[in-house]
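> Have a look; sequence and predicted model below, questions after that.
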Amino acid sequence: MINAGQLVLKRWEPNWAGELTAAITESLPELKPWLPWATDAYDFAESMAYIERSVDSWAKGDEFNYAIFTTIGELIGSIGLMTRPGPGALEIGYWLRTPFAGRGHMTAAVRVLARVALTLPGIERVIIRYDAENVASGKVAEKAGFTETQRITLDPETPIGSGTEIIRELRS
Ligand SMILES: CC(C)(COP(=O)(O)OP(=O)(O)OC[C@H]1O[C@@H](n2cnc3c(N)ncnc32)[C@H](O)[C@@H]1OP(=O)(O)O)[C@@H](O)C(=O)NCCC(=O)NCCS
């Protein structure tokens, strides 16, 4: 569990699958343009599968996903660390439940999780990847202190997004 001021980050637990489904369903208009798994077909079974995968990934050490709660217990989003950039680096991914957006919550969560990540043995860099047109995600990364290092042109067949991805990073 990570205390982030007005927020608490907790490892995902299966009994939150119902609330996760509700959070995603009501946020679909904001999530769909950027997250390939966010579709109108999203349901409880997908939430349960995500949480079970998250529990497995923690055990394997390849992904560390947290539910984000307010201090009064509202589930307001998700944030995680992924090992996919390879040795020395972790990648942060996130989404926020729409009614709670625009209050600085994700910037606060990213700041804290990046700080935690950079204290882990061998981790020198934390990165965030986002679509060039995803203004909100870019602002979160920028406000949390991440600097742009790369712009990547994606395969034109990519089903969502503008086709250009920006990578920002924070170093220890
Ligand atoms: C990206 C996201 C997590 C931001 O969460 P949030 O808690 O609303 O972010 P913050 O309140 O910390 O806002 C950070 C900045 O982004 C700005 N912002 C938020 N939403 C915005 C929008 N739709 N358009 C433009 N700017 C936006 C905020 O105004 C703030 O900047 P400011 O302080 O200069 O005003 C949320 O919009 C989201 O879940 N988006 C869909 C999923 C997604 O894109 N995930 C990331 C994939 S890489």
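Right, received. Where do you want to start?
> Pull up the gap between the spatially most central residue of the chain and the ligand, please.
When Cα atoms, centre = their mean is applied to the chain, the residue found nearest the centroid is Tyr94 (1.7 Å). From Tyr94 across to the ligand, the span is 5 Å (Cβ to the nearest ligand atom, to the nearest Å). For glycine as for every other residue, the C-beta is placed from the backbone atoms N, C-alpha and C.
> pLDDT of the host helix or strand of that residue, averaged?
Counting by DSSP states H and E, the element that carries Tyr94 is strand 89-96. The average pLDDT within strand 89-96 is 98.
> for the residue nearest to the centre of the chain, what are its contacts?
77-80, 106, 109-110, 137, 140 (Cβ atoms under 8 Å, 6 or more residues apart in numbering).
> swap the cut-off to 10 Å and go again
With contacts taken as Cβ atoms under 10 Å, 6 or more residues apart in numbering, Tyr94 has the following neighbours: 66, 68, 77-80, 105-106, 109-110, 113, 128, 130, 137, 140-141.
> same check, this time on Ser162
By Cβ under 10 Å, 6+ apart, Ser162 lies in contact with 33, 131-134, 153-154.
> Could you identify the most distant pair in those?
Pro33 and Thr153 (18.4 Å; Cβ to Cβ).
> For the lengthiest helix in the chain, C-alpha coordinates in CSV please.
Identified as the longest helix of the chain according to DSSP state H is helix 44-60. Output in CSV follows, covering the C-alpha atoms of helix 44-60 (Å, rounded to 0.1, in the frame of the first residue of the first chain):
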residue,chain,number,x,y,z
PHE,A,44,-17.3,-7.8,-15.1
ALA,A,45,-15.5,-10.9,-16.5
GLU,A,46,-12.8,-8.6,-18.0
SER,A,47,-12.4,-6.8,-14.7
MET,A,48,-12.0,-10.1,-12.9
ALA,A,49,-9.5,-11.3,-15.5
TYR,A,50,-7.5,-8.1,-15.2
ILE,A,51,-7.3,-8.4,-11.4
GLU,A,52,-6.4,-12.0,-11.5
ARG,A,53,-3.7,-11.2,-14.1
SER,A,54,-2.5,-8.4,-11.8
VAL,A,55,-2.2,-10.8,-8.8
ASP,A,56,-0.2,-13.2,-11.0
SER,A,57,2.0,-10.4,-12.4
TRP,A,58,2.9,-9.3,-8.8
ALA,A,59,3.9,-12.8,-8.0
LYS,A,60,6.0,-13.1,-11.2
